[in-house]
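Engineer: Sequence first, then the predicted structure:
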Amino acid sequence: MAGSGTKVGLATVYRNLQAMAAEGELDVIRTAEGEAVYRSCATTHHHHHVVCRSCGLAVEVTGDAVERWAEAVAAANGFTQVRHTVEIDGLCTTCSRASS
């Protein structure tokens, strides 16, 4: 029955999204405008994304070379316990065809 659910405040929604992101259940990214965008990933293992800047399609990818690079850069600068995020953006095949 539509409309019979429990009402929840927007602050509660965002608190829950932040908690889920902290637990690794969701990814949180910042848009160019500084907005937080949340997405659910198929895996909880460390990974990166290739994202279409037109339609928003996100593909999960791993990158051993990126992992080695991040560790090397951190070590060269005296950092340990390194964390990082890498996101590549471009146009997916469909959006590339549409813009041609």
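Structural biologist: Looks like it arrived, so ask away. Numbering: from 1, shown residues only.
Engineer: CA atoms for contacts and neighbours, from now on please.
Structural biologist: Noted.
Engineer: Tell me which stretches of the protein form helices.
Structural biologist: Secondary structure of the chain, counting by DSSP state H: helices at 10-22, 64-76, 93-99.
Engineer: I'd like the ones you listed written out as a markdown table, with distance to E33 and mean pLDDT added.
Structural biologist: Below are the helices of the chain laid out as a markdown table (distance: least, Cα to Cα, whole Å; pLDDT from 0 to 100):
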| stretch | distance to E33 | mean pLDDT |
| --- | --- | --- |
| helix 10-22 | 18 | 92 |
| helix 64-76 | 26 | 94 |
| helix 93-99 | 22 | 93 |
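Engineer: Please produce TSV containing the ones you listed, extended by mean neighbour count.
Structural biologist: Output for these, formatted as TSV (neighbours: other Cα atoms under 10 Å):
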stretch	mean neighbour count
helix 10-22	13
helix 64-76	13
helix 93-99	10
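Engineer: Dump those helices into CSV; add distance to V51 as well.
Structural biologist: Compiled in CSV, the helices of the chain are given as follows (distance: least, Cα to Cα, whole Å):
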stretch, distance to V51
helix 10-22, 19
helix 64-76, 17
helix 93-99, 11
